[in-house]
Each structure stands twice: as C-alpha cells, then as structure tokens.
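1. Sequence and predicted structure are below.
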Amino acid sequence: MPAQLALLPAVDLVGGREHRLTGDEGGDPLAVALGWQRDGASWIHLVDLDAAYGRGSNAALLAAITARLSCAVQVSGGICDEAALTRALAAGAARLVLSTAALASPSWVARAIAALGGRVAVGLDVLGSRLVPRGSDADFGDLLAALDFLEAAGCRRYVVTDKTADGAMTGASLDLLRRVCARTSRPVIASGGIAGLADLRALLTLACPAPGAPGVEGVIVGKALYAGQFTLREALAAVAG
C-alpha cells in the first residue's frame, strides 16, 4: 500500500470569527469548515486563538461548529489545565491537542493522557531544540527530554510545529520531523510551513508505514490553502500517495 497522509485544513477562531494569516478578512467559521468538508476533508483542525493567547474563549462556537460537521474534528488552543480541558471536551471533538504550555504541569498532562488515551494529542511548539508555546516566549524545556517524558506517560500522538515556519510558507520542517519521529514510537502530525504541493509530497517520505506506527501520520494546512497555493482537492490527491 502506498504511503499516505491525513490532511487537516485549519480554521482559526478569533472573537467568534474566522481569522486568516493571509491578511484577508475572515468569514463565518462554520461556513468555511463546511466548505472544507464538502471538498473532501475527513478532518478539520479548529484552533481557538483567543484561548491560545490567553485573551478569552470560543468554546461555545467550537461546540456549535463540531455539532454541524460530519467529518472528524481536532480542537486546539490553550488546552493547558483542567478547566480548559473540560471546555474542550464539551465541544465534542474527536481529538484534543494539549498545549505545549501544559507541560508546566507534567503530572496533570500524564493524568490527561491516561484518562483520554487516543482522544488526546500533545502539541509541541518547537524553536530550535526548545519548546516555546504559542502566545508566549517562555522556554518549556528541551524537546527530546519532553518526548522521553511523554513516551513514558503513554502519549498516543504529537502535533509538531516549527515556530520559525508557522504561517511563513517556507516549506515543511523535515529535519525537525525526522528528529521527533526518531525519538517516539507514536505517530506525528506536522504543522506549519507548507507552501505548495511539493511540501506535501515531501512529507510522504516520512509517512507512517501503518496506522499507529511511528512516522508522520498527517499534516495541518492553513495559510497555503487560504492564499490559493493549491486547492483542497489538489492537496488531498497529493497526500494520497
């Protein structure tokens, strides 16, 4: 069977509206998500940017969008404590991504992983070899040391973002992804940097050989889609191998 990847188009939420890194005015996030679903997305990645930056929450909107979608939903943004996790669970998403900032409380992260199993992934926002969460310039430790802890805690999946590439459309961070994949026995979802179909095809070289195996399982795509670098249908064809 040829290598393939899950493709997760991102919908970022700010103040109850869709937010675009392209500078274009965002629209109705539900309409955008339904459009991606109509074009063939089997996953939607919903990001609460207000929660990620500590300036509020779009929890009710996340729940409303998730309820209207028939495809699977992955929710992220500011999930770093029990209250935020409870709100995210109430949205009914198939998967939740714990913030890198949650690693400030490793015992809580371990409990969340134990309680939720495959329903939770851990987000790793990486700057060089350090973990620096979105919305902060605080250093949350060494990437590889954190991976060793999370592996021991039984983490089932990671969402890896190269902070230097996020939103920059400078290409997939293959070296970083190789480092992470070499350190974990679990699948990885790549985030940030995608500029064109060639980047998606390059990620296929790191794809999981089988479901649940180590390697790159999927890729989150945002700015390149909104900037018209390719269509969702073209992207889906590229990651199908």
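-> Looks like it came in fine. Numbers count the residues shown, from 1 in each chain.
2. Okay, and the residue nearest the centre of the chain sits in which element?
-> Nearest to the geometric centre of the chain sits V159, at 5.0 Å (Cα atoms, centre = their mean). Assigned by DSSP states H and E, V159 falls within strand 158-162.
3. Which neighbouring elements make contact with that strand?
-> With contacts defined as 3 or more Cβ pairs under 8 Å, 6 or more residues apart in numbering; DSSP states H and E, strand 158-162 has these neighbours: strand 120-127, helix 174-183, strand 187-191. C-beta here means a position set from N, CA and C on the backbone, and glycine is covered the same way.
4. can you give me the offset of it from its chain's centre?
-> 7 Å (Cα atoms, centre = their mean, to the nearest Å).
5. Quickly run through the sheet partners of that strand, with directions.
-> Strand pairing for strand 158-162, determined by DSSP bridges: strand 120-127 (parallel), strand 187-191 (parallel).
6. Can you tell me which of those strands is most buried?
-> Of all the strands paired with strand 158-162, strand 187-191 carries the top mean neighbour count, a mean of 26, counting by mean count of other Cβ atoms under 10 Å.
7. can you state the direction angle for the strand holding V159 and helix 174-183?
-> 150 degrees (axes from the mean of the first three to the mean of the last three Cα atoms, to 10 degrees).
8. And for strand 158-162, what's in contact with it?
-> With Cβ atoms under 8 Å, 6 or more residues apart in numbering as the test, strand 158-162 has contacts from 76, 97, 121-126, 134, 147, 150, 173, 176-177, 180, 184, 186-193, 220.
9. ditto for stretch 219-230
-> 5-10, 12, 20-22, 24, 45, 159, 167, 169, 172, 189-192, 194-197, 200, 203, 231-232, 235, 238-239.
10. Then stretch 47-58?
-> Residues contacting stretch 47-58 (Cβ under 8 Å, 6+ apart): 10-16, 19, 59, 62, 75-79, 84, 87, 99, 134-135.
11. In JSON lines, list the helices and strands packed on strand 158-162 along with distance to A112.
-> JSON lines is the format used below for the helices and strands packed on strand 158-162 (distance: least, Cβ to Cβ, whole Å):
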{"stretch": "strand 120-127", "distance to A112": "6"}
{"stretch": "helix 174-183", "distance to A112": "20"}
{"stretch": "strand 187-191", "distance to A112": "18"}
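12. Please produce JSON lines containing these, extended by mean pLDDT.
-> Shown next, in JSON lines, are these (pLDDT from 0 to 100):
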{"stretch": "strand 120-127", "mean pLDDT": "97"}
{"stretch": "helix 174-183", "mean pLDDT": "96"}
{"stretch": "strand 187-191", "mean pLDDT": "97"}
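13. Which strands or helices does the helix-or-strand element of the chain with minimal mean pLDDT pack on?
-> Here the helix or strand of the chain ranked lowest by mean pLDDT, DSSP states H and E is strand 17-19, holding a mean of 84. In terms of contacts (3+ Cβ pairs under 8 Å, 6+ apart), strand 17-19 is packed against strand 6-14, helix 29-38.
14. So for A138, what pLDDT did the model give?
-> The per-residue pLDDT reported for A138 equals 88.
15. The closest residue to P187 other than its chain neighbours: which element?
-> Once flanking residues are discounted, P187 sits nearest to E217: 3.6 Å by Cβ to Cβ, 6 or more residues apart in numbering. With secondary structure defined by DSSP H and E, E217 is part of strand 215-221.
16. Now do that strand and helix 174-183, the angle between them.
-> Using the same axes, to 10 degrees: strand 215-221 against helix 174-183 is 140 degrees.
17. and after strand 215-221, which helix or strand comes next?
-> Per DSSP H and E, strand 215-221 leads on to helix 223-226 as the next helix or strand towards the C-terminus.
18. Report the rounded mean pLDDT for that next one.
-> 92.
19. any residues touching stretch 74-83, and which ones?
-> Residues outside stretch 74-83 that contact it (Cβ under 8 Å, 6+ apart): 8, 13, 43-54, 57, 62, 66, 84-85, 88, 91, 93-99, 101-102, 104-105, 108, 121, 123, 135, 159.
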